[in-house]
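Pasting a predicted model and its sequence here:
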Amino acid sequence: MLTLLRKRSIVVFLSLLPLIVAIALFGFLARRHVSYQGTVPTDTHPLAKPAVIIRNFTYSRTYKAKTRWFVKAKSAVVGEEQSQTKLSELTAHIILSSTLSLDIKSQQGVIDRVGHQFLVAGPSIPVSAAFSSGLLLVARQLHYHDSSDTITTKGQVTLISRGVVIHGIGLESYPKSQSFRIERDVHAVFAG
């Protein structure tokens, strides 16, 4: 037996034997723990697409060979393969007809490039929409639908024109024909 212990390989094996037993024991305990706890969960949600932030953003929309929308924003956030662009501190010039245009100022906005819609909102400063005819529309939120040529809002709205101020809640407007319908709580003030 003494001659066996003098061989180097036997001595190395005997010194590594406690380490091999410890590894086997920990492996057994880990396998047993997983079998009692179930499988390790994996995240099946897709990773979020990276967003692109553009400073000093400009956007224009051309329809029937005429550019009708001119939008400038302090910044824009565009997600990969998304149809919406989120804007901050924006101004927009929309040509409604050869004699009528609309200028909008807002803190926030969203352009839906597929649906050709434009949503603007002013959390602390109301949105102002000034028509070239002299009419001013003020609200916390406005939704412009290009395909139906309508401006809508569900909230409070104020229309200001020469000698008239009209307050109310809810609005449906057809800007090209300059027609406006306020849904409820209408209050008008006429200047003399």
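Yep, that arrived. Residues are numbered from 1 along each chain as shown.

tally of neighbours for the nearest residue to Val138 once chain neighbours are set aside?
Using CB to CB, 6 or more residues apart in numbering and skipping the chain neighbours, the partner closest in space to Val138 is Thr158 (4.4 Å). (Each C-beta comes from the backbone N, C-alpha and C, glycine too.) Residues within reach of Thr158, counting by other CB atoms under 10 Å, total 17.

residues of the helix or strand harbouring Thr158 that come out buried?
Assigned by DSSP states H and E, Thr158 belongs to strand 150-161. By 16 or more other CB atoms under 10 Å, the buried positions in strand 150-161 come out as Thr150, Ile151, Thr152, Thr153, Gln156, Val157, Thr158, Leu159, Ile160.

quick check, nearest of the residues you listed to Tyr59?
Set against Tyr59, the nearest of these by CB to CB is Ile151 (18.6 Å).

gap between the residue nearest to Val138 and Ala22?
Going from Thr158 to Ala22 by CB to CB, to the nearest Å gives 78 Å.

where does the most centrally placed residue in the chain land on pLDDT?
The residue lying closest to the centre of the chain (CA atoms, centre = their mean) is Lys86, at 4.9 Å. Note on Lys86: pLDDT of 88.

Also Ile182?
Ile182 is given a pLDDT of 91.

just to revisit the earlier point, what count of nearby residues applies to the nearest residue to the residue nearest to the centre of the chain once chain neighbours are set aside?
Leaving aside its chain neighbours, Lys86 sits nearest to Val77 (4.5 Å; criterion: CB to CB, 6+ apart). Look at Val77: counted by other CB under 10 Å, it has 17 neighbours.

I'm done for today, thanks for sticking with me.
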